[in-house]
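Asks: Compute the structure for the input listed below.
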Amino acid sequence: MTMLDVEAEVVEPTQSKRRRRWLIGLGAVAAVLILGVMSFAIFEPIQVLPRIRLSPGFSLTDQVGATVTSEDLRGSVVVYTFTYGNCEEPCAAPEATMAAIAERIDEVDLGDTEVRFVTMSFDPERDDPMALAARATRFGADGEKWIYATAAPDQVRNIVGSGFKTWYEERDDGSFSFDPALILVDGWGIIRGEYRYQTLAADSDRVLRHIGILGEELRNSHGANSLAYEAAHFFLCYP
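Replies: Residues are numbered from 1 along each chain as shown. Predicted coordinates for the structure are as follows:
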């Protein structure tokens, strides 16, 4: 046996050992990653609200006759609800729930992000600024954080019906049948919550809890933490 043969026999086992070690190490890393992913999916250490779809763009006229656009509200978390000025009791619109949320909003930490409230009328032909102001006063809307507004008749159905997916229909007597809804929109104009049915918990409690979850995401999803929040969205870690 030559010296070259001896050297080849020594090198080959060494390379095989290194290869085996590399494969074992790679397998260990993969196992840790898989266990981490499974643990994240099962235990949901971070919860997020779903990114449902983009909210519609709009230009509204509020209760003092001022123009309010979707861009004016950009950067704020906004809760929307829908009704009409002549909606008499028992009225299906969840304005009382909106009032409860607005009154308790200081319980939620959103950092520097402002929370706004918009009640939109789908009866613009009758709901002029005076009518909107009367209903706003009835429910305690201050005209700043909480506004009542409507859009031009040719736009309101696109905004409410197509954009916010909220059904309404005028009856023969001038009243409306409609889908009572609260819609939660984040500062990027993405719908993050739709509340169209009753649960065992009060709607105000549920919406406030969800605003709190959104607030945690707004405060904490920066830098390396953004990866964890994107993982929570990927694994549908929803409340």
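Asks: where along this structure do the helices fall?
Replies: For the chain, the helices defined by DSSP state H cover 3-43, 95-104, 129-139, 153-157, 203-220, 225-234.
Asks: Distance from the chain centre to the fifth one, please.
Replies: This means helix 203-220. 9 Å (Cα atoms, centre = their mean, to the nearest Å).
Asks: ok and that helix relative to helix 95-104, angle-wise?
Replies: 40 degrees (axes from the mean of the first three to the mean of the last three Cα atoms, to 10 degrees).
Asks: which helices and strands sit right next to helix 203-220?
Replies: Identification of packing neighbours for helix 203-220 by 3 or more Cβ pairs under 8 Å, 6 or more residues apart in numbering; DSSP states H and E yields strand 77-83, helix 95-104, strand 182-185, strand 190-195. (Glycine included, C-beta is placed from N, CA and C.)
Asks: one step back: can you tell me which of the helices of the chain the model trusts least?
Replies: For those, the bottom mean pLDDT is recorded on helix 3-43, which sits at a mean of 50.
Asks: circling back: select, out of the helices and strands packed on helix 203-220, the one closest to Met130.
Replies: Closest to Met130 of those is strand 77-83 (Cβ to Cβ; 16.3 Å).
Asks: rewinding a little: what's the closest of the helices and strands packed on helix 203-220 to Arg116?
Replies: It's strand 77-83; of those, that one is closest to Arg116 (Cβ to Cβ) at 4.8 Å.
Asks: contacting residues around the closest one?
Replies: The contact list for strand 77-83 (Cβ atoms under 8 Å, 6 or more residues apart in numbering) reads 91, 93-95, 97-98, 101, 110, 113-122, 135, 160, 164, 166, 168, 178, 180-187, 207, 211, 214-215, 218.
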